[in-house]
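Peer 1: quick one, fold the following:
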Amino acid sequence: MRARVFFFSSTVPSLTLQSSATRFRTPSILPHRRFHLLLQRTITQSTTPRTTLSSMSSSFYPEKARVPPAIQSPTPPITKFKIGLCQLRVTADKQRNIFHTRTALEEAAAKGAKLVVLPEIWNSPYSNDSFPVYAEDIDSGFDASPSTAMLSEVARLLKITIIGGSIPEKSGGKLYNTCCVFGPDGNLKAKHRKIHLFDIDIPGKITFKESKTLTAGETPTTVDTEVGRIGIGICYDIRFQELAMLYAARGAQLICYPGAFNMTTGPLHWELLQRARAVDNQLYVATCSPARDADAGYVAWGHSTLVGPFGEVLATTEDDEAIIISEIDYSQIELRRTNLPLEKQRRGDLYQLVDVQRLNSE
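Peer 2: Have a look, this model is predicted:
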């Protein structure tokens, strides 16, 4: 028996289950989901023995495991550089948050960081009550968005690339949890709206529903920068391995996840998920959390971290404010992909990851 598994990053028209006896077709399943699983089961009998390893490998069709085919990672302008992760305490004073973040960016750059990552929701308290109050209209320009105006100016003055954590964004009557990426010229290179909203309920521990105020983003984000091709996710996005797989298939060398895990899920899942996303896709993963404030309405776990392509923790911290400086060396990606040639061993005859956005653009 053979099972074919398809992961879709957009709405799919149907689910087909097929066997030798029956065939079922269910139209329009889960239209509200970004990722879907399409499973096709067929019963087959092989009459031709496979006698050699090379003949077995050729029948696995690893190139078909990614649709469209995976993109080779581009050669970045620099292949070895320092990254800074700024774990910052967030207050109710927005101007103070902006000034404090600017100071941290300057300190990270002074320590040699060419890429600096900020935390999720660094200019506002993390609460549904605060999101509408602190939200900025990024598309209307810097006068309407003092937080991104500061990021742009600092990136230009210090000649660094900034993964701008995230801030509440207002656009078209909706609110988003949005990460802006700025290049060394100060220009906005990409904007990622959190795709998977943080809606959880663990009785007696934590209940939070971002969907009460926020709208989910619709677009996976990869961006070519002076320090390589980077995939962007925000906090809860890290739980969905399909997104990371999609970024790897698009040639990302690093995935950055600004995030604010909590005191319930943080100790159990934060490092685990980072290492899983890194080792599964054989790339770097960087996360940046707010510092912990025990008096805040939402208490962050902290522990901002850099993980290498072999799943190794290269740098991390505890829960206090900190600026982590570590090194990324993209030659390690090639080394680990040579050690474990997963791309050549995938079973395209059994499963496929479908990047619907790329597929529809071709």
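Peer 1: tell me who's in contact with V181.
Peer 2: For V181, the contacting residues are 161-164, 188-192, 223, 225, 230, 232, by CB atoms under 8 Å, 6 or more residues apart in numbering. Any C-beta I mention is one placed from the backbone N, CA and C, and that applies to glycine too.
Peer 1: going by distance to G311, which of the residues you listed wins?
Peer 2: Nearest to G311 out of the contacts of V181 is I230 (CB to CB; 19.0 Å).
Peer 1: could you list every residue that touches the closest one?
Peer 2: 163, 181, 222-223, 252-256.
Peer 1: now do 6 Å
Peer 2: 223, 254, 256 (CB atoms under 6 Å, 6 or more residues apart in numbering).
Peer 1: need the three-state assignment for the first one.
Peer 2: Per DSSP: H, G, I helix; E, B strand; the rest coil, the secondary structure class of V223 is strand.
Peer 1: so of the contacts of V181, which ones are in strands?
Peer 2: 161-163, 188-192, 223, 225, 230, 232 (DSSP state E).
Peer 1: got the residues you listed as TSV, with pLDDT and distance to R346 columns?
Peer 2: Converted to TSV, the ones in strands among the contacts of V181 look like this (pLDDT from 0 to 100; distance: CB to CB, whole Å):
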residue	pLDDT	distance to R346
T161	98	31
I162	99	34
I163	99	29
L188	98	35
K189	98	31
A190	98	28
K191	98	32
H192	98	27
V223	98	25
T225	98	28
I230	98	23
I232	99	24
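Peer 1: by neighbour count, which of the residues you listed wins?
Peer 2: I162 (31 neighbours; other CB atoms under 10 Å).
Peer 1: which residues does the nearest residue to R89 once chain neighbours are set aside contact?
Peer 2: Closest residue to R89 apart from its sequence neighbours, by CB to CB, 6 or more residues apart in numbering: A291 at 4.3 Å. Shown in contact with A291 (CB under 6 Å, 6+ apart): 87-89, 302, 320-321.
Peer 1: and C86, by the same measure?
Peer 2: So C86 contacts 104, 108, 118, 323 (CB under 6 Å, 6+ apart).
Peer 1: check the offset of the helix or strand hosting the last one from the chain's centre.
Peer 2: Looking back up the chat, that one is I323. Applying DSSP states H and E as the criterion places I323 in strand 322-329. How far strand 322-329 lies from its chain's middle: 18 Å, per CA atoms, centre = their mean, to the nearest Å.
Peer 1: repeat for stretch 332-351
Peer 2: 21 Å.
Peer 1: going forward, count from 460.
Peer 2: New numbering, starting at 460: the last item is stretch 791-810.
Peer 1: good, wrapping up.
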